[in-house]
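# Have a look; sequence and predicted model below, questions after that.
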Amino acid sequence: MKHIITWTFSLFLFAACSTTTEKPDKKPTDDTGGGSKTTVAKVKPPDISVGGKEAFADANALYHEQKKSGRFDYEALLASYESALEKDPKLAEAHYNIGCIHEAMRNDKKAQTHYKKALEIRPDLAPAAANWGALLARKGRLDQALLVYKRALSKEAKNSAVLLNMASIYQKQKKFDLALKKSSDVLIRDPGNVGAYRIMASLYFDKGELDMAHLICLRGLTVKEEDPRLLNTLGLVLLKLKKVPEALAQFRGALKKAPDMVATRFNVAKIALDYKDFRIAREEFDKILQYEPENRKAAIGLGIALRGANKYPEAKAHFEALANRYEKWGLPHYWSGLLALRNFNDLKTAEAEFKIFIKLSGSRLSSDHPVFGYAKEIKMSYMAEKQMKAMEKRAEKERIRQEAFEKKLADERVKKFDEAWAKAEKEGGVLPPARLKPRELPFILLPPAVLPTQKTKVRLFGMVFKGVKKVEIGNLKTKWRQVNKTTLEIIAPKGLGLGAWDIMVTYKDKHEDPMLFVGGLWVGNKPKQKPKPKDEKALDKGTPKDKKGPGKDKAAKDKESSKAKEPDDKKGVKGGKPGDTGKKAKGKKPADAEPKEPDEPKESGEPKEGSTPAP
């Protein structure tokens, strides 16, 4: 709470509720900020009735009682001072005190009304002017605040509180020289005024003169040891000098003396965020909101701390609550959008939130604000996503086409291989020792095996051959040519050793691995033909005696005729005669008895000499 004026009899006492407002000086002079000094006559206070004095004293007593307990009942205080005004409306001090109470209750409009009434009754009541001007300054109405201060100085030219408040306004307007002059004037007349040290230290810090700011802080601390505002400024100076631990110690010291110093808590929270200590940052923002529940900056800071601590759902709920609470405030939408973009990968929500933020910010939003970069990023992500889907669609089509093509090639490999194998078997050609599975191979060789005694054209079929550099059989380079995209033709040279040979296809692209078919080419001899029975060979070749052709002798014909008419039960019995039913020929065995091993045929395939053709 601001200074409350307590008045007993004809004396005015100032009960301090904070350290920001100074006592009015006893020597009234006029200083309007232009440097001129004009002595003015003291303003005579109005006469106050006895009833008014007594009621005002009772209200002051209640204030002191509440201050001592540390618990203020603002409504009771208001009723008490308003009762004093009913006794005597000329009590300017009562209006001032009521203004202080309303300001503590965040009723700035009512506070301003009572400060104004106090000054109408007593234009020399400097504390009313100081508080009214400070209230206007907080709302950004700096010129109006300066006008109030100058009017107050016309009645009491050297009031320290008014001068220092004017210096604060000049500081906000970046009129540092004027601000330094006002605060220096206070120190010249009152070397022990700690408020002047506070403002001067802050002014030098804003000007970037850190050494002077540091010196003024130290001098001010000799006047009032552990002054929280000087400790806060000293912490800022050390922070600027990159002495973070020392700065943090000063901020902690300030908060120990004044826990409700919101600016200092912000400084601690900022250090915590910079060092990614999100727990400390969250604690500080929480405390700020306890003192100032409507502090939007702290509310945003709390959401940032939650996000930094990876508590994304909590941060999301927090920003959404802020957006619902302050419908015309764009900043929660900005952070909701950033959270959606970076932590939830939700482009649609991020885009919607950024649009709301831009709309609510209006012309106040600078063209280089990060939100425009994020919006562009989202647009590019949409384009990339669209392109990716198109690529995936094309890839799927290509996969289906490739699968169909591979199946067709596999079917053709099976067909061609089976045909080549069947042909080799029929013609007695050379074949590998085991039948391959062409559907499982990348390509096949046609024919599947070659003779070592001759050069052979071999086709590699069944896969796409593109950018082929060379083909090798084992370590031997071979001549080759591209027949079509799925077929190569190579020359298997004469003289290859018997057995399996690797086939390797090497490509021109060095980054493409060679295609190796281990044991893909079989080199072998034709299989030996199975020996035929003796009588079959005689039929095939004939004998030298059998040169009569169709004109056989009559005896031979009769013999054949008799054999054709022989009963079934006589067939297969050699040397049998008609009528010898069931009898075996002497010295002969039945045909179904175990036969003798046939004589080995000669290499020429000619029947042995003296043999007769089989019937």
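That came through, no problem.
# In space, what's closest to residue 234 - neighbours in sequence excluded?
residue 217 (4.2 Å; Cβ to Cβ, 6 or more residues apart in numbering). (Glycine included, C-beta is placed from N, CA and C.)
# So what touches the helix or strand hosting that neighbour?
If you go by DSSP states H and E, residue 217 is part of helix 210-223. Residues outside helix 210-223 that contact it (Cβ atoms under 8 Å, 6 or more residues apart in numbering) are 191-192, 194, 197-198, 200-202, 204-205, 227, 230-231, 233-234, 237, 240-241.
# measure the residue nearest to residue 234 to residue 125 for me?
32 Å (Cβ to Cβ, to the nearest Å).
# how near is the residue lying closest to residue 495 once chain neighbours are set aside to residue 80?
Take residue 495 and drop its neighbours on the chain: the residue closest to it by Cβ to Cβ, 6+ apart is residue 452, 6.3 Å away. Relative to residue 80, residue 452 is positioned 125 Å away (Cβ to Cβ).
# Mind checking which of those two has more residues around it?
residue 80 (22 against 17; other Cβ atoms under 10 Å).
# just the helices in the stretch 301-450 of the chain please.
In the stretch 301-450 of the chain, the segments counted as helices under DSSP state H, counting those that start in this stretch are 312-325, 331-342, 347-361, 370-427.
# right, so those: which one is the most enclosed?
helix 331-342 (a mean of 22; mean count of other Cβ atoms under 10 Å).
# what packs against it?
Under the contact criterion of 3 or more Cβ pairs under 8 Å, 6 or more residues apart in numbering; DSSP states H and E, helix 331-342 touches helix 296-308, helix 312-325, helix 347-361, helix 370-427.
# try 6 Å
On a contact count with 3 or more Cβ pairs under 6 Å, 6 or more residues apart in numbering; DSSP states H and E, helix 331-342 meets helix 312-325, helix 347-361.
# Just the angle for that helix relative to helix 296-308, thanks.
10 degrees (axes from the mean of the first three to the mean of the last three Cα atoms, to 10 degrees).
# distance between helix 331-342 and the chain's centre?
14 Å (Cα atoms, centre = their mean, to the nearest Å).
# could you dump that helix to PDB, C-alpha only?
Output in PDB follows, covering the C-alpha atoms of helix 331-342 (Å, rounded to 0.1, in the frame of the first residue of the first chain):
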ATOM      1  CA  LEU A 331       0.200 -14.600 -27.300                       C
ATOM      2  CA  PRO A 332      -1.300 -17.800 -25.900                       C
ATOM      3  CA  HIS A 333      -2.200 -18.800 -29.500                       C
ATOM      4  CA  TYR A 334       1.400 -18.200 -30.600                       C
ATOM      5  CA  TRP A 335       2.800 -20.500 -28.000                       C
ATOM      6  CA  SER A 336       0.000 -23.100 -28.600                       C
ATOM      7  CA  GLY A 337       1.000 -23.000 -32.300                       C
ATOM      8  CA  LEU A 338       4.700 -23.500 -31.500                       C
ATOM      9  CA  LEU A 339       3.900 -26.300 -29.200                       C
ATOM     10  CA  ALA A 340       1.700 -28.000 -31.800                       C
ATOM     11  CA  LEU A 341       4.400 -27.500 -34.500                       C
ATOM     12  CA  ARG A 342       7.500 -28.500 -32.600                       C
END
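# ok so, going back, would you confirm that the residue nearest to residue 495 belongs to a strand?
No: read with DSSP: H, G, I helix; E, B strand; the rest coil, residue 452 is coil and lies in no strand.
# From what I see, it and residue 496 are in contact.
Yes: using Cβ atoms under 6 Å, residue 452 is in contact with residue 496, at 5.2 Å.
# anything in contact with each of these two?
Listed as contacting both residue 452 and residue 496 by Cβ atoms under 6 Å, 6 or more residues apart in numbering are residue 523.
# Same list, the helices of the stretch 301-450 of the chain, but as CSV with distance to residue 444 please.
Below are these laid out as CSV (distance: least, Cβ to Cβ, whole Å):
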stretch, distance to residue 444
helix 312-325, 58
helix 331-342, 55
helix 347-361, 51
helix 370-427, 5
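# Save those helices as a markdown table, and put in mean pLDDT too.
Formatted as a markdown table, these follow (pLDDT from 0 to 100):
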| stretch | mean pLDDT |
| --- | --- |
| helix 312-325 | 97 |
| helix 331-342 | 97 |
| helix 347-361 | 96 |
| helix 370-427 | 94 |
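# now the strands: where do they sit in the chain?
Using DSSP state E, the strands assigned to the chain run over residues 4-8, 11-15, 29-30, 38-39, 444-446, 449-450, 456-461, 468-473, 476-477, 480-484, 487-492, 499-507, 515-523.
# The ones you listed: which one's closest to residue 412?
strand 456-461 (7.6 Å; Cβ to Cβ).
# okay, the angle between the closest one and strand 515-523?
Going by the same axes, to 10 degrees, strand 456-461 makes 140 degrees with strand 515-523.
# Strand 456-461 pairs with which strands?
Here strand 456-461 has these sheet partners by DSSP bridges: strand 444-446 (antiparallel), strand 487-492 (antiparallel).
# Would you tell me which one of those is buried the most?
Mean neighbour count (mean count of other Cβ under 10 Å) peaks for strand 444-446 among the strands paired with strand 456-461, with a mean of 23.
# and that one, how far from the chain's centre?
Using Cα atoms, centre = their mean, the offset of strand 444-446 from its chain centre is 52 Å.
# ok, now stretch 183-198?
Relative to its parent chain, stretch 183-198 has a centroid offset of 54 Å by Cα atoms, centre = their mean.
# and the end-to-end length of it?
The first and final residues of stretch 183-198 sit 9 Å from each other (Cα to Cα, to the nearest Å).
# Quick one: mean pLDDT for it?
The average pLDDT for stretch 183-198 rounds to 91.
# change the start of the numbering to 89 and stick with it
Done: numbering now begins at 89, and the last item shifts to stretch 271-286.
# neighbouring contacts of that stretch?
Residues from elsewhere that reach stretch 271-286, judged by Cβ under 6 Å, 6+ apart: 110, 248, 251-252, 255, 287-288, 304, 308, 311-312, 315, 317-318.
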